[in-house]
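Participant: Task: produce atomic coordinates for the following.
(4 chains)
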Number of protein chains: 2
Amino acid sequence: MRMNFTPQQLTAFLHLARSGSFGEAARRHGVSQPALSRTIQQMEAALGRRLFDRTTRSVVPTPTGLELRRIAETLVAEFDSAADDLARFVEGRSGRVAVAALPSIAAVLLAPAIARFRERHPEVEVAVLDGLSGPVLDAVAAGGADLGLTIRPPAQATLVYRPLLADEFGLVCRPEDAPAGEGPLPWSVFEGRPFVAMAPASSVRQMTDAAFLQAGLAVPPLYGCAFLGTVGPMVAAGLGLTALPRLTLPLLGSFGLVWRRLERPVMRRPMGVVTRAGRSPAPAVLAFLAELERQAKAMR
Amino acid sequence: MRMNFTPQQLTAFLHLARSGSFGEAARRHGVSQPALSRTIQQMEAALGRRLFDRTTRSVVPTPTGLELRRIAETLVAEFDSAADDLARFVEGRSGRVAVAALPSIAAVLLAPAIARFRERHPEVEVAVLDGLSGPVLDAVAAGGADLGLTIRPPAQATLVYRPLLADEFGLVCRPEDAPAGEGPLPWSVFEGRPFVAMAPASSVRQMTDAAFLQAGLAVPPLYGCAFLGTVGPMVAAGLGLTALPRLTLPLLGSFGLVWRRLERPVMRRPMGVVTRAGRSPAPAVLAFLAELERQAKAMR
DNA sequence: ATATATTGATAACCGATGCGCATGAATTTC
DNA sequence: GAAATTCATGCGCATCGGTTATCAATATAT
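Facilitator: Predicted coordinates:
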């Protein structure tokens, strides 16, 4: 005896068991009365037992009908709740988002995005793994993180990169060291002045080197700091000037440093998001991505 | 988003999630590979999300697929267990049987039937309501009892009666009071001897009265006892003889009384089972009925 | 490197199923 | 006794789920 009732059948049955009339039950179930008659007949045939003793005047559940009602009532409830769980997940209202990010991007882009996201998706768990570029990419590739926030990585078959924000480089210095005027400055502004550089492996250093190369300048790099948090105090102490993307400014510390846009060439630090190629992200991750893009657009 | 997956779809999905290959999963699910492909596509369309990221070489669940797997796994288990519960009920292996019965029938027919029944149906709860004819019929009519064991009641629209056993009347007396010989005796055997009668309302009394009337005898009834348990000691004390259906003999007590079949006329007490008309009994009740009939046949 | 085999997707077709409409049969009500 | 109510049935239709045959893509073998 293979009982293979569909949730449809079970709810139809429950409507009938609850209303005690085929016409009424059919209306509530949203089908015609003959359709409901057939449905019940099929269930009875499958079981080999009547579910209702019915005359033209009354519809009374048999003991088997009562038993099925007991069972179907909980089963349908389970089913509905499961459907609800799944719907919440599919709509991105439940689940988990793990984001790997460079600390600089985490500070300026990720933090506010999480704040907004959690307002709309309070049940979604958000995990942050801050690390340098390599570990970020590794985490995404290995599946430990759903997405990675970093600067554009070299093209890779297993990862996809999508740009979010291009952060422009500018001069960073104490107010009293700033050239007169208000507009953008050329990179030649660094000529003849001490330049506080980042460590040779860092993405910022590679871009400043490239800028000087393009501009045909020879500016000797000093110090070679690994962390932005170290650069701020050094500039503030008057040890030199530096060039940094605008959004990193808050990470330097509160020393009242000024930022002036640099051009010739205009340099932009491409920040974006990487995901695994060929892997569908969880709905909550997609929703978070959308929030990230909105945040990026707002900061542009 | 109305998720309305059938158990079929869910188990198909689980087969795929577990095997990681359409071909293998289709085989286990008992359908062709294209059929499974389409089933999964339909589920994905219903959800608006992919459930598996697949190439020709790999089938990997998406986050949504993992979530559905988690949900479907428990849901299908619930479903199976519910189906099992229902099957046990439908096959009469679980449930409850309430039997209303005359004490005399309960003793001779019901008790052994229950004993056998419980061997085969250990999970079925059996309740006994022993009472006189009126309350027995009332209990059945009101639904408090699934079936009633009693002597044939007057025809009633709401009840159906089915005969089980016809219990023959015989002379009951002390061995020393018995007429010589071994064969059946005529009712005239009571002429001129004290006859211990039952109460006028009892079914036995009505049949003994009828027997004397048919035989054209005038035998004055003495005492008019209401309970069989009272009749035994009285006969054993030598206060008189009586006529009783054979199967009631054990109820008289252990006084070594003898029973000799009576004829001219042969009187039979019709015992049977009553059920509600137009109401399907529970499967366990049907199984119990079958056991009752087997028991009756064995005693005939 | 080219051929082969494996695997999932697609196309075409077909029988079964579920539904609605119209109608029938039984019973209560006026 | 006629009308109304209620569940069951017959019939036609659209949909669905299934199979076979075939395609497209990729890994493997020669």
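Participant: where do the strands sit along chain A?
Facilitator: For chain A, strands defined by DSSP state E occupy the ranges A:52-54, A:59-61, A:95-101, A:124-130, A:147-151, A:159-173, A:185-186, A:195-198, A:221-225, A:242-245, A:258-263, A:268-276.
Participant: closest one to A:Ala282 among the ones you listed?
Facilitator: Closest of these to A:Ala282 is strand A:95-101, at 5.2 Å (criterion: C-beta to C-beta). The C-beta positions use only the backbone N, C-alpha and C, and glycine is treated the same way.
Participant: Quick one: mean pLDDT for that closest one?
Facilitator: This predicted structure assigns strand A:95-101 an average pLDDT of 95.
Participant: can that strand be found next to chain B?
Facilitator: Yes - Strand A:95-101 is in contact with chain B by C-beta under 8 Å from any C-beta of the partner chain, via A:Gly95.
Participant: hang on, isn't A:Pro200 packed against A:Gly224?
Facilitator: Yes - counting by C-beta atoms under 8 Å, A:Gly224 is a contact partner of A:Pro200 at 6.4 Å.
Participant: Between those two, which is the more surrounded one?
Facilitator: Each of A:Pro200 and A:Gly224 has its neighbours counted (other C-beta atoms under 10 Å in any protein chain shown); A:Gly224 has more, 13 against 10.
Participant: what about the closest residue to that one other than its chain neighbours, how many neighbours?
Facilitator: Nearest non-adjacent residue to A:Gly224, counting by C-beta to C-beta, 6 or more residues apart in numbering or on different chains: A:Ala199, 5.0 Å away. Applying other C-beta under 10 Å, we find 13 residues neighbouring A:Ala199.
Participant: Identify the residues contacting A:Val31.
Facilitator: A:12, A:39 (C-beta atoms under 8 Å, 6 or more residues apart in numbering or on different chains).
Participant: for A:Leu102, same thing?
Facilitator: For A:Leu102, the residues meeting the contact criterion (C-beta under 8 Å, 6+ apart) are A:130-133, A:136, A:149-151.
Participant: from those, which would you call buried?
Facilitator: Neighbour counting with 16 or more other C-beta atoms under 10 Å in any protein chain shown marks A:130-131, A:133, A:136, A:149-151 as buried within the contacts of A:Leu102.
Participant: Turn these into a markdown table, columns for pLDDT and distance to A:Asp53.
Facilitator: Written out in a markdown table, the entries for the buried ones among the contacts of A:Leu102 read as follows (pLDDT from 0 to 100; distance: C-beta to C-beta, whole Å):
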| residue | pLDDT | distance to A:Asp53 |
| --- | --- | --- |
| A:Asp130 | 89 | 69 |
| A:Gly131 | 86 | 70 |
| A:Ser133 | 84 | 74 |
| A:Val136 | 92 | 69 |
| A:Leu149 | 94 | 67 |
| A:Thr150 | 92 | 70 |
| A:Ile151 | 89 | 75 |
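Participant: and those near chain B, which?
Facilitator: Of the buried ones among the contacts of A:Leu102, not one also sits near chain B (C-beta under 8 Å from any C-beta).
Participant: out of these, who's near DNA strand C?
Facilitator: Applying C-beta under 7 Å from any atom of the strand to these, one finds that nothing falls near DNA strand C.
Participant: For A:Ala83, give its distance to A:Leu286.
Facilitator: The spacing between A:Ala83 and A:Leu286, counted by C-beta to C-beta, to the nearest Å, is 21 Å.
Participant: er, A:Arg264 I mean
Facilitator: To A:Leu286, A:Arg264 is 40 Å away according to C-beta to C-beta.
Participant: Ok, A:Val189 next?
Facilitator: If you go by C-beta to C-beta, the gap between A:Val189 and A:Leu286 works out to 43 Å.
Participant: More neighbours: which of the two?
Facilitator: A side-by-side neighbour count of A:Val189 and A:Leu286, using other C-beta under 10 Å, places A:Val189 first with 20 against 16.
Participant: Near chain B, which residues of the stretch 1-150 of chain A are found?
Facilitator: A:1, A:3-4, A:6-8, A:47-50, A:53, A:55, A:60, A:62-64, A:67-68, A:71-72, A:74-75, A:78-79, A:82-83, A:85-87, A:89-91, A:95.
Participant: let's see 7 Å
Facilitator: A:1, A:3-4, A:6-7, A:47, A:49-50, A:53, A:62-64, A:67-68, A:71, A:75, A:78-79, A:82-83, A:85-87, A:89-90, A:95 (C-beta under 7 Å from any C-beta of the partner chain).
Participant: Restricted to buried residues, select those in PyMOL.
Facilitator: Only the buried members of those enter the following PyMOL selection, criterion being 16+ other C-beta under 10 Å:
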select buried, chain A and resi 3+6+7+47+49+50+62+63+64+67+68+71+75+79+82+83+85+86+89+90+95
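Participant: The lengthiest helix in chain A vs DNA strand D: in contact?
Facilitator: Among all segments of chain A classified by DSSP state H, the helix with the greatest residue count is helix A:63-90. No - no part of helix A:63-90 sits close enough to DNA strand D to count as contact by C-beta under 7 Å from any atom of the strand; the gap is at least 12.4 Å.
Participant: tilt between that helix and helix B:63-90?
Facilitator: Angle of helix A:63-90 versus helix B:63-90, following axes from the mean of the first three to the mean of the last three C-alpha atoms, to 10 degrees, is 170 degrees.
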